[in-house]
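Trainee: Need a 3D model of the following:
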Amino acid sequence: SSAVPARGKVTPCTISEWSDWSGCAEPCKATYRVRRRHVIQEQRNGGEACPPLEEKAGCVEYWTQQGVECNHALLPALITTGGYGKARRKRAASSENERAGYCVEFQLAAITEGCLHGNSSYTRWMRYLSEGHVVCVECQHPALDSRSLHCYGDGSGSKKNEVLHWQAVGNPRCRGTWKRIRQLDTCSCPSVHSFLFI
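Mentor: From the prediction side, this is the model:
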């Protein structure tokens, strides 16, 4: 018989935890890393729908697949807002043998007009930047290179007052220059002036 089944229980979508972040899509250029989660139970009978199952974040791999260091002259320091760091920190906490990160203070020298026009929440933070500001950039796993024990772009080899280049991940038109002030164990800038190396 083709009796219509009684309306079942309202079941919301159930999803798994996020996977770890993947490696970068390609070495030696600004690309992205991905993390995914999967549906454990589809929603039924008007229950809450599933949220996005994939998330991307900017990243750069500074070593080729053959283990050769990329040509750094091609790349500015890549920075992103601290929000991505929360996801990183949770993952980093699980492994005891990772070296603790550090913080570098820079003074912004020049900023392109493109920084004012980021639309996504990912890039809105750039509007708080202006020339002369001191910003803190944190170096932490996985950007902290296990071979050199540095983040690329931290200016560690630079001369005093040397002008260094940076670029915001997620908005290629937002870039500029800065000068390295000093390296510290931990960052203490206000959150709108706090960033992460990628």
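Trainee: in the chain, which helix or strand is least confident?
Mentor: Every helix and strand of the chain was ranked by mean pLDDT, DSSP states H and E. The lowest is helix 83-92, at a mean of 45.
Trainee: Relative to the helix or strand following that helix, what are the paired strands and their orientations?
Mentor: Going down the chain from helix 83-92, the next helix or strand is strand 102-111, by DSSP states H and E. The pairing partners recorded for strand 102-111 under DSSP bridges are strand 134-139 (antiparallel), strand 175-184 (antiparallel).
Trainee: Could you check how far the helix or strand just after the longest one is from the centre of its chain?
Mentor: Scanning forward in sequence from strand 175-184, with DSSP H and E defining helices and strands, the next element found is strand 194-197. Between the centre of strand 194-197 and the centre of its host chain there is 8 Å, according to C-alpha atoms, centre = their mean, to the nearest Å.
Trainee: cool, stretch 154-166 as well?
Mentor: Distance, centroid of stretch 154-166 to centroid of chain: 21 Å (C-alpha atoms, centre = their mean).
Trainee: CA atoms only: put it into CSV for me.
Mentor: Below are the C-alpha coordinates for stretch 154-166, written out as CSV (Å, rounded to 0.1, in the frame of the first residue of the first chain):
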residue,chain,number,x,y,z
ASP,A,154,60.0,38.1,10.0
GLY,A,155,62.8,40.4,9.0
SER,A,156,65.3,38.5,11.1
GLY,A,157,68.2,39.0,8.7
SER,A,158,67.4,42.6,7.8
LYS,A,159,69.5,45.6,8.5
LYS,A,160,68.4,48.3,10.9
ASN,A,161,65.7,50.5,9.4
GLU,A,162,65.6,48.4,6.2
VAL,A,163,62.2,48.7,4.4
LEU,A,164,60.6,45.3,4.2
HIS,A,165,57.5,44.3,2.2
TRP,A,166,54.3,42.7,3.4
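Trainee: Pull out the buried residues from it.
Mentor: Asp154, Gly155, Leu164, Trp166 (16 or more other C-beta atoms under 10 Å). The C-beta positions use only the backbone N, C-alpha and C, and glycine is treated the same way.
Trainee: quick one, what contacts the third one?
Mentor: Yep, that's Leu164 we're talking about. By C-beta atoms under 8 Å, 6 or more residues apart in numbering, the contact set of Leu164 is Pro76, Ala77, Phe106, Gly153, Gly155, Ser158, Thr177, Trp178, Lys179, Arg180.
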